[in-house]
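Student: need a structure here:
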Amino acid sequence: MGISIRAYARARGVSHVAVLKAAKAGRIPLEPDGTIDPAKADAAWARSTEPGRSRAKPEKLKPVAEAAVGSVRETLKEQGLPASGSVTFVQARTAHEIAKAHLARLRLQERKGELVDRARATALVFRLAREERDAWANWPARVAALMAAELGVEAHPMQKLLETHVRSHLAELAEVRPEFR
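Tutor: From the prediction side, this is the model:
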């Protein structure tokens with residue numbers, strides 16, 4: 001035989017309605033006579049209650065799943081927050097809220113048109129560079145005769161010389177590799 005629901009609620013520091021709800025939801029066991037065994041109920045209550053929702057004084061929280069610990073530590077480290085030892089539920093929730101805030105900021109920037117799709121930007125730069133290269137490759141044929149007339153030399157050797165130097169310069173430019181961050 002245990003104690004009454006109201007007595008357990010007083011001992012636990014919660015309302016009797018909270019105890020009734022926990023019993024009805026199956027989070028704490030009731031004895032066959034409807035009373036509560038405090039030891040069994042305390043253990044069940046601790047297992048089924050989310051630490052962040054408890055009003056009681058915080059105890060040492062259980063570590064979160066090991067698969068997420070690295071991500072949580074990295075997020076906290078980026079924000080200059082400590083993440084030593086095992087990561088607690090509060091630290092994981094903090095990292096989660098930080099990640100949600102970053103995601104919201106990125107969505108806002110995307111809607112404002114401040115973000116650029118990397119694949120589209122790369123394709124655009126590639127297309128523009130190709131058009132620029134083609135324009136330079138065709139330039140000697142367009143201007144060689146004009147330059148030859150001004151200098152008083154033959155057009156064909158002038159065109160060949162210009163093409164050689166332009167292609168050499170384009171080859172040098174092709175060697176340059178920009179750094180992406």
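
Student: quick check: buried residues in the helix or strand of the chain with the lowest mean pLDDT?
Tutor: Lowest by mean pLDDT, DSSP states H and E among the helices and strands of the chain is helix 66-78, with a mean of 73. For helix 66-78, the buried set under the neighbour-count rule, 16 or more other C-beta atoms under 10 Å, comprises 69, 72, 73, 75, 76. For the C-beta atoms, the positions are set from N, CA and C on the backbone; glycine is no exception.

Student: nearest residue to residue 29 other than its sequence neighbours?
Tutor: residue 40 (5.5 Å; C-beta to C-beta, 6 or more residues apart in numbering).

Student: how close does that neighbour sit to residue 22?
Tutor: The gap separating residue 40 from residue 22 is 12 Å, by C-beta to C-beta, to the nearest Å.

Student: thinking again about what came up before, closest to residue 92 among the buried residues of helix 66-78?
Tutor: Of all the buried residues of helix 66-78, residue 92 sits closest to residue 72, with 5.0 Å by C-beta to C-beta.

Student: skipping adjacent residues, who's closest to that closest one in space?
Tutor: With sequence-adjacent residues excluded and distances taken as C-beta to C-beta, 6+ apart, residue 72 is closest to residue 95, at 4.3 Å.

Student: could you check which helix or strand contains the one you found?
Tutor: Following DSSP states H and E, one finds residue 95 within helix 89-112.
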